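Peer 1: A predicted structure for the sequence below; I have some questions about it.
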Amino acid sequence: MGEKIKVERVTKAFTVRDNEQKGASMEFTAISNMEFSVNEGEFLTIVGPSGCGKSTLLDLLGGLSTPTKGRILLDGQEIKGPGLDRGTVFQQYALFPWKTARGNIEFGLEAKGIPKREWRAQSDHYLDLVGLKSFADRYPHELSGGMKQRVAIARSLAFNPDVLLMDEPFAALDAQTRETLQSELLRIWEKTKKTIIFITHGIDEAVYLGQRVVILSANPGRVKKIVEIPLKHRLADADIRSNPAFVKARHEVWSLLHENEYAGLYI
Ligand SMILES: Nc1ncnc2c1ncn2[C@@H]1O[C@H](COP(=O)(O)OP(=O)(O)OP(=O)(O)O)[C@@H](O)[C@H]1O
């Protein structure tokens, strides 16, 4: 399994107002000296406290902004801007309200330059992949939150990106829908073999989905630890969250995230 993405000593600083001095500005370091890599076809989850730089990191991976120091390599080439090799799914559905589920997916096909005669078969394929074949002609306002997010995932996949960047895509959904979409996503990942980087606030979600979990700490955002999750065949076990290996991994991630509280840092 080759290395797909390499985050090399990345620092991202923003210029912000200096509250101490009127009219002056100062540097604020959101992410400091971050380093990790992602293997081809890996499902990597990233978890960390609010403000640790998760969205900043995803913007850098998406090429929407550039590091202040360090660099990010994709297939050995430095990321210098957005590209169709990376698809992003956000927390908010970001669908075109005037296009049907199929129309939203076909937008992805058009952007990728797929000839129009192939759209129908390909959009059928992606609708089927996310379990929405019978909702092809519905508009976003006629779909539930979970269905909208399925369309968003299908649209991102229609670009056929190498890497899927997911920024808390299930955060706005109710617990049951979230669990369903988590297992759907695992199934899609197993089928498509995409490299996935998935950002979340949820420890359960990070452990359930990730082959490895990157734990970030805040002020500034840094990699605290990368934990391997030794779970195989997640989909075969309907109640994997009760499995001792899951419980153990979950506890490890939880402890790392809450370490500072017990050291008295926040008390
Ligand atoms: N454009 C910007 N200008 C100045 N500061 C910024 C900018 N973008 C982010 N920050 C700061 O960088 C830090 C990291 O923000 P970011 O949104 O990446 O965190 P996050 O981990 O995604 O947070 P959350 O989990 O709450 O969504 C925060 O302190 C934020 O205020």
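Peer 2: Now that the structure is in, tell me what you want to look at.
Peer 1: tell me the mean pLDDT for the host helix or strand of Ser37?
Peer 2: Ser37 is located in strand 25-39, with elements delineated by DSSP states H and E. Strand 25-39 shows a mean pLDDT of 94.
Peer 1: likewise stretch 137-148?
Peer 2: 92.
Peer 1: ok, residues contacting that stretch?
Peer 2: Residues outside stretch 137-148 that contact it (Cβ atoms under 8 Å, 6 or more residues apart in numbering): 93, 95-102, 104, 132, 135, 151, 172-174, 177, 180-181. C-beta here means a position set from N, CA and C on the backbone, and glycine is covered the same way.
Peer 1: coming back round to it: just checking: what are the partner strands of the helix or strand following the strand holding Ser37?
Peer 2: Later in the chain than strand 25-39, the nearest helix or strand by DSSP H and E is strand 43-47. With DSSP bridges as the test, strand 43-47 is paired with strand 195-200 (parallel), strand 212-217 (parallel).
Peer 1: go through those strands and name the closest to Lys22.
Peer 2: Using Cβ to Cβ as the measure, strand 212-217 is the one of the strands paired with strand 43-47 that comes nearest Lys22, at 32.5 Å.
Peer 1: what's the following helix or strand after the closest one?
Peer 2: Downstream of strand 212-217, the first helix or strand assigned by DSSP H and E is strand 222-228.
Peer 1: list the buried residues for that next one?
Peer 2: Neighbour counts using 16 or more other Cβ atoms under 10 Å place 222-224, 227 of strand 222-228 among the buried residues.
Peer 1: same deal with stretch 34-46?
Peer 2: For stretch 34-46, a neighbour-count test (16+ other Cβ under 10 Å) marks 34, 36, 38, 41-46 as buried.
Peer 1: tabulate the CA atom coordinates of that stretch in CSV.
Peer 2: Written as CSV, here are the backbone C-alpha positions of stretch 34-46 (Å, rounded to 0.1, in the frame of the first residue of the first chain):
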residue,chain,number,x,y,z
MET,A,34,1.8,18.9,11.8
GLU,A,35,3.1,15.7,10.3
PHE,A,36,1.4,12.5,9.2
SER,A,37,0.7,10.5,6.1
VAL,A,38,-2.2,8.6,4.6
ASN,A,39,-1.9,5.4,2.7
GLU,A,40,-3.5,4.7,-0.6
GLY,A,41,-7.0,3.3,0.0
GLU,A,42,-6.8,4.1,3.7
PHE,A,43,-9.8,5.3,5.8
LEU,A,44,-8.2,7.8,8.2
THR,A,45,-10.2,9.7,10.8
ILE,A,46,-9.1,12.9,12.6
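Peer 1: Ile114 and Gln122 touch, don't they?
Peer 2: Yes. Judged on Cβ atoms under 8 Å, Ile114 makes contact with Gln122 at a distance of 6.3 Å.
Peer 1: and which of the buried residues of strand 222-228 is nearest to Ala245?
Peer 2: Using Cβ to Cβ, Val227 comes nearest to Ala245 of the buried residues of strand 222-228, at 12.4 Å.
Peer 1: picking that back up, show me which of the buried residues of stretch 34-46 is closest to the ligand.
Peer 2: Taking Cβ to the nearest ligand atom as the measure, the ligand lies nearest Ile46 of the buried residues of stretch 34-46, at 9.1 Å.
Peer 1: so is Pro161 in a helix, a strand, or just coil?
Peer 2: coil (DSSP: H, G, I helix; E, B strand; the rest coil).
Peer 1: report the separation between it and the ligand.
Peer 2: Pro161 sits 21 Å away from the ligand, going by Cβ to the nearest ligand atom, to the nearest Å.
Peer 1: beta partners of the nearest residue to that residue once chain neighbours are set aside?
Peer 2: Nearest residue to Pro161, sequence neighbours excluded (Cβ to Cβ, 6 or more residues apart in numbering): Gly87, at 3.7 Å. Counting by DSSP bridges, Gly87 forms beta bridges with Leu164.
Peer 1: ok, which stretches of the stretch 151-267 of the chain are helices?
Peer 2: 175-192, 203-209, 244-262 (DSSP state H, counting those that start in this stretch).
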